[in-house]
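K.L.:
when you get a sec, could you give me coordinates for this:
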Amino acid sequence: MGAFEEVKGKVKETVGDVTNNAELEQEGEAQKEKGQAQREADQARVEAKAHEAKAEAKEAQQNLAENAK
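P.N.:
This is a model prediction of the structure:
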């Protein structure tokens, strides 16, 4: 979703620049920044879930080792 917002923002920013519409250009820049923030947040969520899954797997491995004793 973030990448799509970035592209829409860049298009608005470019159209605003070409047509000398400062308001549209600023709106595009803001939308582009919003898209970047969404993309970064999505990436952080993916990394957190991967880390959590890795920790759960390690915990399960430790539990198996303890139960095998």
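K.L.:
chain center to the longest helix seen in the chain, what's the gap?
P.N.:
Secondary structure of the chain per DSSP state H: the longest helix is helix 22-67. The chain centre lies 7 Å from the centre of helix 22-67; the measure is C-alpha atoms, centre = their mean, to the nearest Å.
K.L.:
over to stretch 18-34?
P.N.:
21 Å.
K.L.:
which residues sit against that stretch?
P.N.:
For stretch 18-34, the external contacting residues (C-beta atoms under 8 Å, 6 or more residues apart in numbering) are 5-6, 8-17. C-beta coordinates here come from the backbone N, C-alpha and C atoms, glycine included.
K.L.:
what ranges of this protein fall below the confidence cut-off?
P.N.:
For the chain, no stretch is flagged by pLDDT under 70.
K.L.:
who's in contact with the residue nearest in space to the middle of the chain?
P.N.:
Centroid check for the chain by C-alpha atoms, centre = their mean gives residue 39 as the closest residue, at 2.2 Å. For residue 39, the contact set (C-beta under 8 Å, 6+ apart) comprises 2-3, 6.
K.L.:
many thanks, have a good one.
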